Each structure stands twice: as structure tokens, then as C-alpha cells.
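**Q** Quick one: sequence plus predicted model below, questions after.
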Amino acid sequence: MRPLFALAAFVAGALSVSVEDCPGYTASNIVDADSTLTADLTLSSDACNIYGTDLPGLKLLVEYQTDTRLHVKIYDAGLDVYQVQEHILPRPSNQNVSSSVAALQFSLIEEPFSFSITRSGSGEVLFNTNSSQLVFESQFVHLRTQLPKDPNIYGLGEHSDSFRLPTEKYQRTFWNSESPFIPRHSNLYGTHPIYLDHRGASGSHGVFLLNANGMDINIDQTDSGDQFLEYNIIGGVLDFYFLAGPSPSDVSRQYAEVVGLPAMMSYWTFGFHQCKYGYWDVNYAAEVVANYSTANIPLETLWGDIDYMNLRQVFTTDPERFPLHKMRELVDTLHSRGQRYVMMLDPGIHRADNYSTFTRGEEKGVFLKADDGSDYRGVQWAGEVVWPDWIAPNTQDWWTNEISLFFDPETGIDIDGAWNDMNEASNFCPNITCDPALVARLGNNPPQPTNPPRNNTGRPIPGFPDDFQPEPSTQPGNLRSRQTTGGQMKGLPDRDLFNPKYRINNHKGELSDSTLYANITNADGTYQYDTHNLYGLTMITTTRNSLLSRRPNKRPFVLTRSSFAGAGSRAAHWFGDNNSTWSDYRVSIAQLLGFAGVHQVPMAGSDVCGFNGVADERMCARWTLLGAFMPFFRNHADISAPPQEFYLWDLVARAARKAIDARYRLLDYAYTGMYRASTTGEPLAYPVFFLYPEDEETFGIDTQFFYGDAILVSPVTEDYAESVTYYLPDDIFYDFWTLETVRGKGETVTRDNVGWTDIPVHIRGGTVVPLRTESANTTTALREKNFQIVVAPGLDGKAKGSLYLDDGDSLDVGDAKSDISFTWDGTTLKADGTFGYSTDVVVESVMVLGDEEPVTRNGSWPLDGPFEVTFQS
């Protein structure tokens, strides 16, 4: 990887000269209506053509869509430049509110054209482009906005950097990429071009750029010290959604309105999951399940990595190691125990005439094509592969049919969810000189679990020798485009799709390195150059639809590695192939805050104890405790890593029992948070400043977080430490484990002698938390346990909370749901709301925390209607 700071300095230096030489645009024909504004933008003088050809004519569209959302779009007059297809990311509805009642105001300067966004009432400038010229070229778009001094900027994921982004010489690159060991300061698996700008008492706002092209976003200062954020994009249009807030949670909710509310997850998905690449046969997998049971560690879901496949071909099982009848027996046994099974589905389809998934796909024309009409070929686990074109007309039917056949409950494997990996897409061909046919000559035998051969990604390739080097080929580097142009927003012709003059800082190298080649066109005529970052999103959309077709009344569960804006409305996400290090343990917290707090992907988490490398016992114990308070909780390791199941170490096993006990008792609290996320966009995991937005000490915290709005998690984060220093805002808290009252003073607190099975957790005052009275080995059994309601009074002596109940799995529960609100006025707990879900489970105790010992009332309060529990004052 090129040094970031050196590159950033080079780019900044180049642009400081070249951009200043560009003429910018002049606005004319301005039509300012009550809820919209339109204008023509024309080049002010001779084109500069820095990294492409300047477009002479642009259009400006401004829409006051809601009272808190402003849409600003700058696009080419000819409508040739690529725009994200509506069927891939539907646009939000436009309510056409009057600008006079809108929370944000748009204004422009005609020449040279620039615009600014201000907050109504206060007049605070939130976005201002007048410090730099707009550049809009065939392969380069540049826009810069001013920022306040030392800004608090969050988002712009996926990355492995600090949650509060650095403010000097910092760059975020968007080009989805397989990223083993999640390198720092690099593009990773996902593209989410939204940032949240938090300004303390004056509020938060969000800026979302709906653009799927490769880009660099730089955050830096000018020589005179002026702070800025700038976009340098290799294509597409400027399609902005400005979100008014003013609270951080408001921004998150408003963003969900743009990209889609998160998908409601099934109750069981909050259980503990176990996986490993290297469960070499079905007996090994079954033994893992049995070992968890013997160790008395609850296990909800077993996962199948690519081990199960015959020759690494999706929709097959190895006839010797994973025979179908044994797989059916495994899954049936899991289901009889109340457990689940999820299997891997990679996008690379083995190009083999004796492979029915491939031949059926060929018949339907679902694979990406080269210019000569042949299948575009590359290399993935099965050897020489082709890739589905997820937006081709027949792909959905083909994929649904394959899923229906292979996962048929009566004749196939009755899975509970699907796992889409390698969908950036990852291509083991390192560059455009690769000859995929070489794989066919070397064979397709799957790797052995000991000392497997390696590929350039650090993971084994079937049949490849250690010294494998790709041979040169004319496929597909010299191909022409199949695209036709003419106002269809599918991309300009005559571009250099392999080596654009502006080179984004892709840590893999060139745009086509280790992925689908940028000059390949999709069935609708768009280029991978423009749609690369959408490949994973279109795959999970297709997979979700197929699972819905298979089980129309059940919520589909899809886990994805690659993501784009809106992915949370379709799938869960894990943070990819991390490393078994303390550093990656710490980074997982910042990653959660980005995805759950800003990017609207609430069901997220890391590979607990790390995927690559060797997990250390004490680190794994800490990570187990931390992972139990993240929405998605899975242990997963690479084939090259030693086994790291929790039961293998006594220390980790003890940590796991404690952590999962707490997680399961809190599971309905988390499930209620998931329901709120899916219906309102309210975050499921909160950065600390979301709940204390005026406390400046919280703005940079990324080693603590709130699980829901009541549970503050403050893990030990230093290597091998048995003490932790964390921040407690000026508020009242209660120790989750001891129930002791803790008065936060807006100061850091150091706790010593934190055992290896301990993690500091606090209940925030002013909340009511529903808990199951005890844990269980599965979530099915857990649903039969009664409730305890814990009241944690705030400084004013009051508290509130809620509990959502349904059957846990139906796609549409109709009226068969309960949404119960709890309020505590100092003496009485009142439960009210809707009570449509029928259950025999009751509230068997109410506990009120306080300065003295907690006070508990025991009883049996049904959850079929309102009730009150009064304590003597």
C-alpha cells in the first residue's frame, strides 16, 4: 500500500494548483419555487480537463423533501453520466414541503457557482462550497466544503480507524475490497458515503452523497488552517441528502428514511453463533455442537463455511466428508434441540459443464459477459469461475431456483439463513493479465486442513501450488464495451476504465486488481467501473428475495461481508477477516459505532477472538465478554488458525458462560431495540455522545458504547490489563452486576482488579430494563422464561422503558404483537401500550434500584394488558 500521508500530500499538492486553474461553473435560468429550485450550470470559461473532459453543461436540482431533509443534485444535462439505479437503491418519497418551514436552507452564488446549506433560525452554516471550484469531468468530480475548527466527523465507513475521524491529512477511500487483517487507513469491504457532523450544543447534521463510484474523501486543513472536507470521485453525479438532525439520533433516523429502515431480525439471530473455516467433516461440526453442550455454554447457531462444498462449488456437498444424508441428519438434530444452521453462499460459480448450477445459469444467461459474448472468467474458491450479474433479468429466478432445490426442507438442507461472503467481489486473479484457465490445468482439489497452499489474499486456493503466478492473457484486458449511450444514466462512453487519470487510493492497487474487471458491463449496459461498490448489495438483495420465496412467512436472515448504503434494510454485517490481536479487538468497538450508530446496519459485529492468526486465551476471554454486548455475536476463525471455540480454555469458557447468561437475560431488551430500529431508525447501539450530545468529553469516545439506550458497556481495552479507565457522564448509573448506585461526575473512572471474566457494565439512570429471570441453552427455551423488570431511577427519580413481544420469526405478525411501555413516577411502575401477543410468560418481579439496597416486589403480572406495581414511598 502506498503511504497515505505521502499520497494525500501529493494529491492535495496537485489539486491545489490544478483545481484553482479550473473555471468552475456559472448558474443561470434559476427558477426558485416554494419547494424546489432548478438552474443550469455552464462552464465559466475554457475547460481545464485535469483528469478527464470537463462537461460543459450541468443541471442543478434542489428539493425541500421534508422539513428535515434537503436534496441537492448536480448532474449532466445529457443524462449520460452514471446514476445509481432506482431499483437497486430506491429514492425516498418527496413531500415537497415549503422552504419557509424547512429546517435547512439552500442558497447559491451564481458566478463562480457555489452553494451553502444553513440551519434555519440560527443561520449556522453547515455546508459551504465557496472555497473551491466545482470540477465535473468525465472521470473526475471534485467538490470541497468548509468545516469548523477541530470538527467532530463520524461515519464514512467501512474502515478500521477511530470512530471520530482525524481532522488532518486523513483520507477515506471507497472501493469495496477483500481486506484480510482489516488494514488501517484503507478501503475495506463497504462503501457508506455518509458523515455525521456533531457540533455540541448547536446540534448534529448529516450529509449523504448517493454515489457508488470509487472516490477519495479527504479531511484536512489548508495552509492557512482552514478546515475542509473534499470529494474526489472518478465518476457519477453529486446527489446529496442533507439531514437536519438536530440530535445525533435524529440524523440516524433521517438517514434511515433515505436508504431504508433496517430489516427486522428474528429473535434467534441474537443468540450465540459458532463457525470455523476448517470444520473438516460433518462429524467434526457435530462434535463442536456437542462440546458446547458438555461445557454448559449455550449455542444457538452452527455455521457452515466452504468446507461443506464439493470442490468448493456452491449448492453442493462433499460426498465423503459432508454427504447429504448426514447433513440432513445434522440439521434435523440441531432443529430438534432448538438450534439453527446457516450456510455459506459465495458468488463465484465454477465454470464446469458437469455442474448443474453453472449449466442452468448458462441457459438463463445470468453471468457477467465479456464483449465477445462469452462469460467473463476469473478465479475464486472452486477454481475458474464466472460471476452472476445480479441485475440481469433472469438472475433472480435462477438464484431462487438454486436455493429452493439445494435448501429444500424435504430433500435438501433446511437452513435457517444464508451467508454471502467474497461479494466485493473478490477475485483471486490479481490483475488484468491473469489467465483463469490456468486453474483448470492445475485441477480443482480442495485444500487439506494442514499446510494448505496460499494465494495472494493469504487464504488457500484449491489446486494451486505455493509458487503459483498467473500467466498473461488477452482476456479481458482489451475488451470493448457492450454499452449503448443516449440519456440513460448508464455512464459516459470513451473512458479509460482500467487506469483513470485520477487514481483513488485503493489498497489493492488498480481498480481491477483482485476483483471484477472495471470494463465489464452489466446486462443493463452499466459498467463495473461505476457499479463495483454495488455488487455485494445486489447479491444480498437477490439472496434475501430467494429466501423469502423459500419461506414466504419467515424473516430471511442474510449475513454479508460487502455492503453499500442501505445494506441494513436487507442483511446483517460482520466486520470481515480481522486479526486475533488486541488492536482488532479495540477496533471492533469503533466499527460497531459506525455501522449501528451512523450507517443504519444495526445487526453488526466482529469475528469474536479474531479470524486470522492465533487467538490468545486472555484476549479471547475479553473479546467474548465484549462480543456478548454487540448485536451480532459469532466466534469464527480461519482454516490456518488453531481452533478457538470458547470451551477450549477454562478461562474463556467461564467468561462465555457469564457473558451469554447476561446477553440472553437481556435478549428481549435488545430485540425491542431491533424493533425500534426497524420501525423508526432509532440506533440499536449508541455512541456515548448520542445520549450526552452536549458533553464534549464524550465526542471522541470509541472504547465504550451503549447497547440499546440503557446499558453502558466499558470493556477493558489495554493489552493484558486488569484495570480500565472509562468515562461516566454527569448522571446516575447502576452497576449491572452488583446493582450498586454509581454517581457519574463527568469524569473518568479507573477500576482496578477487573478479572478476566469481568466487564464493567452500567444501567443508565432514568431507564426501565426488561430482563428474563434466567438464561437458557437456546433462545427457544429462553422465550419460556418469565420476566423481571428493573427500574433504574434517574436524577429526577423517574424512569421509562419498553418491551416488544411477538412470535420472533414471522415476516408480518399483524396485530399479534405487544408494544409495552413502562413508566416509573417514583412510587409506581405503570405498564401500558398494546397487548396483541398471547403468551403465558408473566412478569414475576419488579426491582427498583436506589441508594439503598434494591427493593423487589414479587408477584405474577400477565403480559396481556396494562398493570401497575406500587411501592411505598
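**A** Structure's in. What do you need? Numbering: from 1, shown residues only.
**Q** contacts and neighbour counts: CA atoms only from here.
**A** Fine.
**Q** shaky segments in the stretch 301-450 of the chain?
**A** 439-450 (pLDDT under 70).
**Q** Tell me where it has strands.
**A** Using DSSP state E, counting those that start in this stretch, the strands found in the stretch 301-450 of the chain span residues 301-304, 340-344, 349-350, 377-380, 383-386, 417-420.
**Q** ok, now the stretch 701-850 of the chain?
**A** Remark: strands assigned in the stretch 701-850 of the chain by DSSP E, counting those that start in this stretch are 705-707, 711-713, 724-728, 732-735, 741-743, 747-751, 761-764, 767-772, 787-792, 799-805, 818-824, 828-835, 842-848.
**Q** can you redo these as CSV with distance to Ala518, mean neighbour count and mean pLDDT?
**A** Formatted as CSV, those follow (distance: least, C-alpha to C-alpha, whole Å; neighbours: other C-alpha atoms under 10 Å; pLDDT from 0 to 100):
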stretch, distance to Ala518, mean neighbour count, mean pLDDT
strand 705-707, 39, 25, 98
strand 711-713, 43, 24, 99
strand 724-728, 46, 19, 98
strand 732-735, 53, 23, 98
strand 741-743, 56, 18, 98
strand 747-751, 50, 12, 98
strand 761-764, 48, 25, 98
strand 767-772, 51, 25, 98
strand 787-792, 55, 25, 98
strand 799-805, 46, 22, 98
strand 818-824, 49, 20, 98
strand 828-835, 53, 18, 98
strand 842-848, 58, 19, 98
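**Q** what residues go with each domain of this structure?
**A** 4-259, 267-574 (automatic domain parsing).
**Q** I'd like to know which of the ones you listed lies nearest to Ala659.
**A** domain 267-574 (9.9 Å; C-alpha to C-alpha).
**Q** Quick check, Arg622 in contact with Val716.
**A** Yes: using C-alpha atoms under 8 Å, Arg622 is in contact with Val716, at 7.3 Å.
**Q** shared neighbours, those two?
**A** Ile759 (C-alpha atoms under 8 Å, 6 or more residues apart in numbering).
**Q** mind listing what Glu362 touches?
**A** By C-alpha under 8 Å, 6+ apart, Glu362 lies in contact with nothing.
**Q** Turn the strands of the stretch 701-850 of the chain into a markdown table, including distance to Tyr664.
**A** A markdown table is the format used below for the strands of the stretch 701-850 of the chain (distance: least, C-alpha to C-alpha, whole Å):
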| stretch | distance to Tyr664 |
| --- | --- |
| strand 705-707 | 13 |
| strand 711-713 | 14 |
| strand 724-728 | 25 |
| strand 732-735 | 18 |
| strand 741-743 | 23 |
| strand 747-751 | 26 |
| strand 761-764 | 15 |
| strand 767-772 | 8 |
| strand 787-792 | 12 |
| strand 799-805 | 15 |
| strand 818-824 | 20 |
| strand 828-835 | 22 |
| strand 842-848 | 16 |
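**Q** Of all these, which one comes closest to Asp250?
**A** With C-alpha to C-alpha as the measure, strand 705-707 is the member of the strands of the stretch 701-850 of the chain nearest Asp250 (16.5 Å).
**Q** tell me the contacts of Leu70?
**A** Counted by C-alpha under 8 Å, 6+ apart, Leu70 has contacts 62-64, 104-105, 241-243.
**Q** Same list, the residues you listed, but as JSON lines with distance to His142, secondary structure and pLDDT please.
**A** Formatted as JSON lines, those follow (distance: C-alpha to C-alpha, whole Å; DSSP: H, G, I helix; E, B strand; the rest coil; pLDDT from 0 to 100):
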{"residue": "Val62", "distance to His142": "19", "secondary structure": "strand", "pLDDT": "98"}
{"residue": "Glu63", "distance to His142": "22", "secondary structure": "strand", "pLDDT": "98"}
{"residue": "Tyr64", "distance to His142": "24", "secondary structure": "strand", "pLDDT": "98"}
{"residue": "Leu104", "distance to His142": "23", "secondary structure": "strand", "pLDDT": "98"}
{"residue": "Gln105", "distance to His142": "23", "secondary structure": "strand", "pLDDT": "98"}
{"residue": "Tyr241", "distance to His142": "17", "secondary structure": "strand", "pLDDT": "99"}
{"residue": "Phe242", "distance to His142": "18", "secondary structure": "strand", "pLDDT": "99"}
{"residue": "Leu243", "distance to His142": "21", "secondary structure": "strand", "pLDDT": "99"}
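**Q** of the residues you listed, closest to Gly373?
**A** Distances from Gly373 to these, taken by C-alpha to C-alpha, are shortest for Tyr241, at 38.8 Å.
**Q** is it true that the closest one touches Phe208?
**A** Yes: in this structure, Tyr241 is within contact of Phe208 by C-alpha under 8 Å, at 5.1 Å.
**Q** Quick one: the helices in the stretch 251-400 of the chain, in order.
**A** Assigned by DSSP state H, counting those that start in this stretch, the helices in the stretch 251-400 of the chain fall at 282-294, 324-336, 356-364, 395-406.
**Q** Tell me which of these sits most buried.
**A** Neighbour counts (mean count of other C-alpha atoms under 10 Å) averaged over each of the helices of the stretch 251-400 of the chain peak at helix 395-406, with a mean of 19.
**Q** For this structure, which residues score under the pLDDT cut-off?
**A** 1-17, 439-486, 873.
**Q** Neighbouring strands of whichever helix or strand Phe115 is part of in the sheet, and parallel or not?
**A** Secondary structure from DSSP states H and E places Phe115 in strand 114-119. Looking at strand 114-119 with DSSP bridges, its partner strands are strand 104-109 (antiparallel), strand 125-128 (antiparallel).
**Q** in that strand, what's buried?
**A** Judged by neighbour count (16 or more other C-alpha atoms under 10 Å), strand 114-119 contains these buried residues: 114-119.
**Q** TSV for those residues, including distance to Phe557?
**A** Output for the buried residues of strand 114-119, formatted as TSV (distance: C-alpha to C-alpha, whole Å):
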residue	distance to Phe557
Ser114	45
Phe115	43
Ser116	42
Ile117	39
Thr118	41
Arg119	40
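**Q** Who is Thr741 paired with across the strands?
**A** Here Thr741 sits in beta bridges with Tyr734, going by DSSP bridges.
**Q** sorry, that was for Leu559
**A** On the basis of DSSP bridges, Leu559 takes part in beta bridges with Trp419, Ala572.
**Q** now it: how far from Tyr535?
**A** Using C-alpha to C-alpha, to the nearest Å, we find Leu559 at a distance of 15 Å from Tyr535.
**Q** quick revisit: need the helices of the stretch 251-400 of the chain in TSV (columns: distance to Asn130).
**A** Listed next are the helices of the stretch 251-400 of the chain as TSV, based on distance: least, C-alpha to C-alpha, whole Å:
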stretch	distance to Asn130
helix 282-294	61
helix 324-336	61
helix 356-364	52
helix 395-406	46
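**Q** For Gly155, find the nearest of these.
**A** Once the helices of the stretch 251-400 of the chain are compared by C-alpha to C-alpha, helix 395-406 is nearest, at 32.0 Å.
**Q** Counting by contacts, list what the closest one packs against.
**A** Under the contact criterion of 3 or more C-alpha pairs under 8 Å, 6 or more residues apart in numbering; DSSP states H and E, helix 395-406 touches helix 356-364, helix 535-550.
**Q** Could I get those in TSV, plus columns for distance to Asp332?
**A** As requested, the helices and strands packed on helix 395-406 are exported to TSV (distance: least, C-alpha to C-alpha, whole Å):
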stretch	distance to Asp332
helix 356-364	25
helix 535-550	18
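**Q** Show me the one of these that comes nearest Ser179.
**A** Closest to Ser179 of the helices and strands packed on helix 395-406 is helix 535-550 (C-alpha to C-alpha; 14.5 Å).
**Q** what's next to the closest one, contact-wise?
**A** Residues from elsewhere that reach helix 535-550 (C-alpha under 8 Å, 6+ apart): 88, 347, 390-391, 396, 399-401, 403-404, 417-418, 420, 423-425, 554-558, 560-564, 567, 570-571.
**Q** Render the CA-only coordinates of it in CSV, please.
**A** Taking C-alpha atoms only, helix 535-550 is exported to CSV below (Å, rounded to 0.1, in the frame of the first residue of the first chain):
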residue,chain,number,x,y,z
TYR,A,535,-22.1,-5.8,-6.3
GLY,A,536,-22.5,-7.0,-2.7
LEU,A,537,-25.7,-5.1,-2.2
THR,A,538,-27.3,-6.6,-5.3
MET,A,539,-26.2,-10.1,-4.2
ILE,A,540,-27.7,-9.8,-0.8
THR,A,541,-30.9,-8.3,-2.3
THR,A,542,-31.2,-11.3,-4.6
THR,A,543,-30.4,-13.8,-1.7
ARG,A,544,-33.0,-12.1,0.6
ASN,A,545,-35.6,-12.3,-2.1
SER,A,546,-34.8,-16.0,-2.7
LEU,A,547,-35.1,-16.8,1.0
LEU,A,548,-38.4,-15.0,1.1
SER,A,549,-39.6,-17.2,-1.8
ARG,A,550,-38.4,-20.3,0.0
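**Q** Fine, thanks again, bye for now.
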